[in-house]
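Asker: Predicted model and sequence follow; I will ask about them next.
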2 protein chains.
Amino acid sequence: METSPSQIHEHFMNPLFTDFYQITMTYAYWKAKRHEEHAVFEAFFRKCPFKGKFAVFAGLDEVLQFCKEFKFTPEQIAYLKGQMSHAEDEFFHWLENLDCSQLEVSGIPDGTIVFGKQPLLSLSGPVALVQLIETPILNLINFSTLLCTNAARMKIRSGPKVKCIEFGLRRAQGPNGGMTASKYSYMGGFVGTSNVYAGMLNNIPISGTIAHSFIMSFDSEDDIKEQHYLDGTDIYARVKELREELGWQDTNDSELYAFISFATSYPDRFLALIDTYNTINSGCKNFLLCAVVLSELGHNPVGVRLDSGDLSQLSKDCKKLFKEIGDKYGHDYSDLVVVASNDINEKTIRQLNEDNHEIDIFGIGTNLVTCQAQPALGMVYKLVEIEGKPRIKFSEEKEKVLIPGRKKVFRIFEGEHPSFDILTLEGEDDLQDGVSLTAYHPFNDDTKEIGSVTKAQKLTESLFKDGESLIKQVDLKEKREIVLQQIKSFDPAVVNTDEKEYTVYLSKKCKETFDSLLNSQSVE
Amino acid sequence: METSPSQIHEHFMNPLFTDFYQITMTYAYWKAKRHEEHAVFEAFFRKCPFKGKFAVFAGLDEVLQFCKEFKFTPEQIAYLKGQMSHAEDEFFHWLENLDCSQLEVSGIPDGTIVFGKQPLLSLSGPVALVQLIETPILNLINFSTLLCTNAARMKIRSGPKVKCIEFGLRRAQGPNGGMTASKYSYMGGFVGTSNVYAGMLNNIPISGTIAHSFIMSFDSEDDIKEQHYLDGTDIYARVKELREELGWQDTNDSELYAFISFATSYPDRFLALIDTYNTINSGCKNFLLCAVVLSELGHNPVGVRLDSGDLSQLSKDCKKLFKEIGDKYGHDYSDLVVVASNDINEKTIRQLNEDNHEIDIFGIGTNLVTCQAQPALGMVYKLVEIEGKPRIKFSEEKEKVLIPGRKKVFRIFEGEHPSFDILTLEGEDDLQDGVSLTAYHPFNDDTKEIGSVTKAQKLTESLFKDGESLIKQVDLKEKREIVLQQIKSFDPAVVNTDEKEYTVYLSKKCKETFDSLLNSQSVE
C-alpha cells in the first residue's frame, strides 16, 4: 500500500509556493541578462536545534519530488503577469519554459546525523532558477529535519526499552504539519503513529484504542445489552462474579460498562484508558476485571493507558496490581503494558527516568509535533559561488561569516566512533581511509592532526541531475534503521547527553580560500 | 482569481486523516449497536493563547469543506480492513456509506473574537460519526485560530500607523503550515504576504524585493553592462556624478551595481535591502544615489529594508538621511518607507515602540508563522450530551470540569464595549436587547446583575446541515475588516494590553444543570 512520498505535500508544491522576492529577483536577473549565470547555493543550519549537539537530516524525498515536478502552469503565469504588470512579456515566456533540467543537486542523504555549518544540500545551475527554489526547499527541509531530530532525541531519552508513538495530529500546525510529523517521527525512531492516513501513505504502524468520550458515553447496564456475550460466554456475569470476589464493587459502573463493550469488540487488542474517574481504584481494577475474563477465554489483554496524574507512581501501582491479580488467577500478566500520554516531552521523560517509572510506551503529541521546545529550525540557503568564483558573506558575528565555495563533507572515524567532519572544496581529491590529515577550524587557529584515519566516509552524494533523482529509493523503515544505527555509532556524549561538541573542520584548501577571501574584501 | 478555500489543504483532508482510536471507537460503538445514538460534542479551548485575554476564531472554511466532502474511498476502506482484520465486514459496508448528511454543526462564525470555555463549534449527529471527525476538526481550527490570534496581537502591538507583512514561508511547519499562516495572518490584520501561492489562492496582496544573495551576486561593473540605461538616460553615469558630488565614494561598489540593476528592473517599485555591507554608510547611501536618479526621471522610489542591527536607531538614521538628500535635491522623501524584518515578535515590537522607532512596515516571519511564543493551542472536543442527556467530565482541577449540555453563546454589551459573554442552554429563549439579566460564574458563586443590557448579540449560528454549509461565503478581505472592527469595539484593556479578564458566564438554567450534575455524580 506504499505510495509516492510526494503525497504528504500534495500540489501546494508548485513554483508559486515561494516568496515573491524570488520572482522579483529572477526578473532582475533576467533583465540584466544574468539569469543563466552558473551559481551554487548551499543549504545548512548554524546551530543544532534543541540546544543539542546533532540533528537528523530529513525531507529530501520531498525536495527531489518538487524539483522533478517544477513547472509553471498557464494559470500561474497569468497570475504573475497581473502582479508584475510592468514586466516584459518575454520574461514570462522564459518562465513558462523553465524546469529543473539544468539543476544539479548534491548533498547528504536524508536520515544522516548532521551538524551545524556543513552543506546539507548544494544546488547548482542557472542563478535565476536556483534562487527561485530557495523558499520551497527550505520549507521542505527545515521542519522535517527539526521534527526528525526532535523525535530522535525523545527516543534516545526514553531509553532502549521504552517505545514511543506519535499522537499529535490534532495539535499539529495544519494538516501536513501533522503528516510530516507522523512520517519523520517514525524515521527518527518512533514505532508508530495514531495518524491513519500517514500510516496508509508511508506504511507506518498505526495504533489507537479509546478516548474519554467513549467511556463517558456509557451510562447504564442497558448500554452493553448487546455485548454481554463473548465466544458464547456471558462475560458480564463473570465480571460481576470476579468483582464481588475481589471486593471491587466501588469501581465506576459506567467505566466498567465501557470496558466490557470495548473488550467484546477487541478481545485481542484490549488496551483500556483508565484515568476517566480514579486511575487505580476504578480504572485499573475495571481493566483487570475484563482482562481476567479475556484470559479465561484464551484472549490476550494488552494493557492500560494513563493520560493524567503522577505517571511514574501510577505505572508502578498498575504493574503491582497486574502482578497481584495475574498471580491470583494464574495468568502471566508480566507482558501487560502501561502506555502514558500526558504532555510528554524531553524534560518529563528525564524526570520519569529519575523516578524509575515502569511505563512501556510513551504516546507523545503536542511537544513532538509542534517542536514546542524550538518550533523552527533556522536553515539558510546561501550563494557560495557564481560563474566559478567563490562568494563570501560577511557578518559582524564571526560565526555567521559564510564559508565560501562549493564543498563536500567527509566524516572522519578514529577508532569506533566518528571523530569529526571535514569540508573539502569541490575539485579536491576525495579523502581515503588510512590517510594522514590536518584539519583546520573554520573560525579560529585550532587544527587537528591525524596520522592515519580509521575511515573517511564521504557523506556528499549526487542527488539530482537532468531532471531526475539519482538516489535509490530507500523505504522509510530502512531509513529508520539507518538513523538508529548511526545514533549507536556516535559517542554517547554527542548524541545522548548533549555534553560534547562535534566539530566540523575545513581542509587546507578550503581554509586557504576562506582566509584569502576574508583578507581580500573589507567588511566596511 | 479567487479559488475554493479548501485548496489550502488539498486532499489530505479525507476520513483517514484522523487518529486511529476514532476508528476503533467507531467499531466498538457499531458492535454495541450504539453508533446511531444522538450525540453532541463541543469544541473549545480553556485558556487564551500567548498569555492573553482573547483569541480570534479561524479555520471554519476548512472545517465545513471537510464535512461536505467526507467520504471513504474504496482504497481507504481496504487499508482499514487490513488494519482491523478481526472486524466484521458489515462494519466496513456501513463505513463505506457514511457521509456527513446527518451531521449538524452550529457555532461561532470565524473572525469572531472569542474566549476560553465557550463552545466555538457544536457538532451533533450519530455518535460514531461525530467522534470520527474530532481529530481533523481540531487540526483545522487549532492552528488557524492560534495563528490568527498571533497575527492580531502583533498587529495591535504595532499600532495603527505601522503595517505588518507575513514573511515566514521558509520557516513554517511544512507547506500548509505556511499556507495557513499566510491566509490567517491576513485575516488577523496583516496587509500582505511574501507567499505567492497563498496570494493567488486567497487574493492576498503579495510583496517582495531582493535578498542578500542578489546583492552578493554582483561583483564588477560588467555585471550591469546591460543596465546602464533607463528611459534613455545613462543612469550609471548620473549615479557616479551624484556619488562624487556627495563624497560617497566609499560605499560598497558591488552593492551599488546590484541596486542600479534592481532599480532599472523596477523603476517604480524600488525597495532596497541595505544591510548586506554597512547599513547606513553603504546601503542607505547607495539606495539614495539610485533614488535620486529615479526621482529625476519621474519615478517614485519606495524605500529600504533593514534585516539586522539596531532597527530603531537605523530607522531614524535612514529617515534623517532621506530628508537630508530629499531636501538637497528637491524631492519629497517623506513617503519613503523603512521595512524592518529581523526576528520581529511581540517583545521586540514593544521594545521598538519604547525606542520611538521610525519603521513603517514590519516583515514578520518565524515568530509569527510557527507561533514561537506558544506553538500549539490546546483546543479540545468534548461530549456534552448523548441521547438528549447532558454529560459532564470531572477533573481534579475545578476549572477543567466540563460544562454540560449543548450551549449557545451571547455577547452582552453595556454601553459601547462588550461587557461579558453568557452561555445559555439549547432550548432556552434567545436573549434580547434591553433584557434584564443575572449571569452566573461557572466555577464560583459570583453573579452579575444587569437591569437592561444595551445589546445581546447572539454569536452561535447554524453552520452546516443536510450535507451543506449554511453560511454565506464572506471573502477573506471582508473577514479581515470584521476582525479589525471587533478589536476596536472591545475594551483596550482586554485586547490591547492583556490587563483585563473578559468573563464567560452561564445563564441560570445552564448553571443549575451544571450544579445538579456536579452534585449527582461523585468524582470517586
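Answerer: Yep, that arrived. Residues are numbered from 1 along each chain as shown, chains lettered A, B, ... in the order given.

Asker: going forward, measure contacts and count neighbours with C-alpha atoms only.
Answerer: OK.

Asker: Next, the buried residues of stretch A:352-371.
Answerer: A:352-353, A:357-371 (16 or more other C-alpha atoms under 10 Å in any protein chain shown).

Asker: Now do the end-to-end distance for it.
Answerer: 20 Å (C-alpha to C-alpha, to the nearest Å).

Asker: about what we covered before: restrict the buried residues of stretch A:352-371 to those near chain B?
Answerer: The residues of those that also fall near chain B, by C-alpha under 8 Å from any C-alpha of the partner chain, are A:366, A:370-371.

Asker: if you look at those, which of them are in helices?
Answerer: Taking DSSP state H, the ones among those that sit in helices are residue A:366.

Asker: any idea of the mean pLDDT in the host helix or strand of residue A:199?
Answerer: Taking DSSP states H and E as the criterion, residue A:199 maps to helix A:196-202. The average pLDDT within helix A:196-202 is 92.

Asker: Show me what the helix or strand residue A:511 falls within is packed against.
Answerer: Using DSSP H and E, residue A:511 falls within helix A:508-520. On a contact count with 3 or more C-alpha pairs under 8 Å, 6 or more residues apart in numbering or on different chains; DSSP states H and E, helix A:508-520 meets strand A:417-425, strand A:437-440.

Asker: List the buried residues of the last one.
Answerer: Residues of strand A:437-440 classed as buried by neighbour count (16+ other C-alpha under 10 Å): A:437, A:439-440.

Asker: quick one, longest helix in chain A?
Answerer: Longest helix of chain A, by residue count under DSSP H: helix A:134-158.

Asker: That helix and chain B, are they touching?
Answerer: Yes: under the criterion of C-alpha under 8 Å from any C-alpha, helix A:134-158 makes contact with chain B via A:135-140, A:142-144.

Asker: what residues does the helix holding residue A:511 touch?
Answerer: For helix A:508-520, the external contacting residues (C-alpha atoms under 8 Å, 6 or more residues apart in numbering or on different chains) are A:392, A:403-405, A:423-425, A:438-440, A:442.

Asker: hey, C-alpha coordinates of that helix in CSV?
Answerer: Taking C-alpha atoms only, helix A:508-520 is exported to CSV below (Å, rounded to 0.1, in the frame of the first residue of the first chain):
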residue,chain,number,x,y,z
LYS,A,508,43.7,23.0,4.0
LYS,A,509,42.5,24.3,0.6
CYS,A,510,39.1,25.2,2.0
LYS,A,511,40.6,27.1,4.8
GLU,A,512,43.0,28.9,2.5
THR,A,513,40.2,30.0,0.1
PHE,A,514,38.2,31.2,3.1
ASP,A,515,41.1,33.2,4.6
SER,A,516,42.1,34.7,1.3
LEU,A,517,38.6,36.0,0.6
LEU,A,518,38.3,37.2,4.1
ASN,A,519,41.5,39.2,3.6
SER,A,520,40.8,40.4,0.1
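
Asker: The stretch 151-300 of chain A: helices as residue ranges?
Answerer: For the stretch 151-300 of chain A, applying DSSP state H, counting those that start in this stretch gives helices covering A:175-187, A:196-202, A:212-216, A:235-246, A:253-265, A:285-296.
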